[in-house]
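**Q** With the input below, show me the fold.
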Amino acid sequence: MSLVTRIEQELKEARLARDEPRRDALSLLLSSLRSAEKELQRALSDDEALQVLQRERKRRVEAAEAFRAGGREEQAAGEEYELEVLEAFMPEPLSEEKLEEIVDDVIAEVGATSLRDLGRVMADVMKQVSGRADGSTVSQLVREKLA
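**A** Next comes the predicted model:
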């Protein structure tokens with residue numbers, strides 16, 4: 001079952017259960033996915049859908065932080081609830097050890113020796129960890145290894 005289909009099914013169940021906060025969160029996710037499909041003019045693959053969800057996750061985290069900084073706890077809690085719903089559709093995050101192992105393998109494969117090779121290493125690593133690790137965390141780890 002595709003990711004979009006799973007979210008549609010969950011949305012249907014939330015509507016039937018009259019779970020308004022969950023329904024609203026799922027509707028926003030589905031809307032983002034549909035918008036991406038419209039932009040590409042075709043159905044999204046699971047990897048593409050995962051990328052959309054990653055963007056949405058980042059938006060929710062940043063919004064919650066901004067609301068909290070502005071003293072708006074209720075809105076921050078709403079964003080965090082949406083983030084919680086979204087996380088249910090994301091793959092299990094990679095452990096630090098596994099991520100480090102992948103980075104080491106790619107560096108060896110590419111033959112990277114300095115920060116000039118950062119782009120090639122990052123491209124290969126991100127293909128392997130898509131959706132399971134944050135890009136900034138990966139970038140920081142790759143920089144440390146290449147320095």
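
**Q** Please make it C-alpha for all contacts and neighbour counts, starting now.
**A** Will do.

**Q** Any regions of the chain where pLDDT drops low?
**A** Under the criterion pLDDT under 70, no range of the chain is flagged.

**Q** Spatially central residue for it, please.
**A** residue 54 (2.0 Å; CA atoms, centre = their mean).

**Q** tell me the secondary structure for it?
**A** Secondary structure for residue 54, judged by DSSP: H, G, I helix; E, B strand; the rest coil, is helix.

**Q** separation between the closest residue to it other than its chain neighbours and residue 21?
**A** With CA to CA, 6 or more residues apart in numbering as the criterion, residue 54 has its nearest non-adjacent residue at 6.5 Å, and that residue is residue 131. To residue 21, residue 131 is 25 Å away according to CA to CA, to the nearest Å.

**Q** Of the two, which one has the most company?
**A** Neighbour count, other CA atoms under 10 Å: between residue 131 and residue 21, residue 131 has more, with 21 against 14.

**Q** does the residue of the chain most remote from its centre count as helix, strand or coil?
**A** Computed with CA atoms, centre = their mean, the residue of the chain farthest from its C-alpha average is residue 113, at 29.4 Å. Using three-state DSSP, the structure places residue 113 in coil.

**Q** you'd agree residue 49 is up against residue 6?
**A** No: contact between residue 49 and residue 6 fails when scored by CA atoms under 8 Å: they sit 11.5 Å apart.

**Q** Just the element for residue 43, please.
**A** For residue 43, there is no enclosing helix or strand under DSSP states H and E.

**Q** Which residue is the nearest non-sequential neighbour of it?
**A** In space, residue 43 comes closest to residue 37 once its chain neighbours are excluded; the distance is 5.4 Å by CA to CA, 6+ apart.
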